[in-house]
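# Got a sequence here, can you build the structure:
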Amino acid sequence: MTFNMTRRGFLSAASLLSATALSGLPAFGQDYPSKKIDYIVPYNAGGMSDNISRLLGEKFTALTGQQMINDYRPGAGGAIGANYFMTTPADGYTLLQSTNSFYGVIPQVTKVQYKPIEDLVPLVLVGDAPMVIAVNPSVAASNLSELIAYAKANPGALAYGTSGKGTVGHLSGLWLANKGGVDLLHIPYNGAPAALQATLANEAQIFIGPEAAEHIKAGALKGIAVLGDTRWQQLPDLPTTVEGGITGWAPRSWHTVSIQAKAPDEVKAKLNSLLNSILEQPDVRERIVTFGLIPGIETLEQVRKRAQDDYEQFGILIRDAGLALPK
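Just a heads-up that it's a prediction; the model follows:
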């Protein structure tokens, strides 16, 4: 559907936005968007990124009158979609559904056609994804210390499934193995849903990610710990890894929408405002919670700082594990 940005239409849309964020934008930013948005989803349909893209697309169309059309390009932990995205015009009419892995992990372990921070910009914080350690019920462990003890007593017996090399799940498993002083086998699958199903079937014994929450509640998997120092409301009785004795930095996961750094600054500001106005809607926040995320609202500056911090912290882990690309 074509959207004509008349004065009346603009004021109607602007009533839903932050007046401060929109004030002072050049005319180009005020007219944006004037046509459909191509939305690159670098993962398979059916996962969290797909759920987020569909929700944002639906609300974006309702708010602006312009469609966001999903273009699925899965593979290589998201690198295929990211590389394709960098070949598209930097005009703000192609966006990338992404996670912090596109900033902190993928560019440091996989050859990609972009430099994090310099070439790619996160626009918003859609939500934090608590990294939950879950195990198949066959594993004789109910807490972090027991899991580490079991892994030490049964070397090579535990595998963790992830959505692929160069993902936060992969690095989280390495982090756990390093901190616990144990050997864990990494099994990459074609997406997080497949890795989760493999853990339920005991093909892999460990899964680390927010997607495990409902299976923990149902008793199909055993919850071990939440990475970091903050408990998660969805699993309030599940202790953190800090409570389990592992202190310091822990891997984290969060979802965003990215744009090429070369896109006009006024378009970045407009998108931050538009998307944050969507993320502030109560029904959207409720849906985001059902996806297994903690909803968040951040400015462009705040979310860029997140990306920079993750690049630095994941970089340490990646180099220590010998996974960094040769310089």
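
# Which stretches in the chain count as helices?
Assignment of helices within the chain using DSSP state H yields the ranges 7-14, 19-22, 27-31, 48-64, 79-85, 101-104, 106-109, 144-153, 168-180, 192-200, 213-217, 265-279, 282-290, 300-320.

# I'd like these as JSON lines, with distance to Leu120 and mean pLDDT appended.
Backbone N, C-alpha and C define where each C-beta goes, glycine included. Formatted as JSON lines, the helices of the chain follow (distance: least, Cβ to Cβ, whole Å; pLDDT from 0 to 100):
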{"stretch": "helix 7-14", "distance to Leu120": "27", "mean pLDDT": "37"}
{"stretch": "helix 19-22", "distance to Leu120": "21", "mean pLDDT": "40"}
{"stretch": "helix 27-31", "distance to Leu120": "20", "mean pLDDT": "62"}
{"stretch": "helix 48-64", "distance to Leu120": "16", "mean pLDDT": "95"}
{"stretch": "helix 79-85", "distance to Leu120": "8", "mean pLDDT": "95"}
{"stretch": "helix 101-104", "distance to Leu120": "6", "mean pLDDT": "93"}
{"stretch": "helix 106-109", "distance to Leu120": "9", "mean pLDDT": "91"}
{"stretch": "helix 144-153", "distance to Leu120": "34", "mean pLDDT": "97"}
{"stretch": "helix 168-180", "distance to Leu120": "16", "mean pLDDT": "94"}
{"stretch": "helix 192-200", "distance to Leu120": "22", "mean pLDDT": "94"}
{"stretch": "helix 213-217", "distance to Leu120": "29", "mean pLDDT": "95"}
{"stretch": "helix 265-279", "distance to Leu120": "12", "mean pLDDT": "97"}
{"stretch": "helix 282-290", "distance to Leu120": "22", "mean pLDDT": "95"}
{"stretch": "helix 300-320", "distance to Leu120": "8", "mean pLDDT": "95"}
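
# Need those in JSON lines (columns: mean neighbour count).
Formatted as JSON lines, those follow (neighbours: other Cβ atoms under 10 Å):
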{"stretch": "helix 7-14", "mean neighbour count": "12"}
{"stretch": "helix 19-22", "mean neighbour count": "13"}
{"stretch": "helix 27-31", "mean neighbour count": "14"}
{"stretch": "helix 48-64", "mean neighbour count": "20"}
{"stretch": "helix 79-85", "mean neighbour count": "22"}
{"stretch": "helix 101-104", "mean neighbour count": "28"}
{"stretch": "helix 106-109", "mean neighbour count": "24"}
{"stretch": "helix 144-153", "mean neighbour count": "18"}
{"stretch": "helix 168-180", "mean neighbour count": "23"}
{"stretch": "helix 192-200", "mean neighbour count": "22"}
{"stretch": "helix 213-217", "mean neighbour count": "17"}
{"stretch": "helix 265-279", "mean neighbour count": "21"}
{"stretch": "helix 282-290", "mean neighbour count": "14"}
{"stretch": "helix 300-320", "mean neighbour count": "16"}
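
# Which of the ones you listed sits closest to Val41?
When the helices of the chain are compared by Cβ to Cβ, helix 48-64 sits nearest Val41, at 5.0 Å.

# can you list contacts of the closest one?
The contact list for helix 48-64, computed with Cβ atoms under 8 Å, 6 or more residues apart in numbering, reads 1, 3, 13, 16, 33, 37, 39, 41-44, 66-70, 72, 97-99, 126, 129, 192, 210-211, 255, 257, 274-275, 277-278, 281, 284, 287-288, 291-293.

# Now which of these would you call buried?
Buried subset of those (neighbour count, 16 or more other Cβ atoms under 10 Å): 3, 13, 33, 37, 39, 41-44, 66-68, 70, 72, 97-99, 126, 129, 192, 210-211, 255, 257, 274-275, 277-278, 284, 287-288, 291-293.
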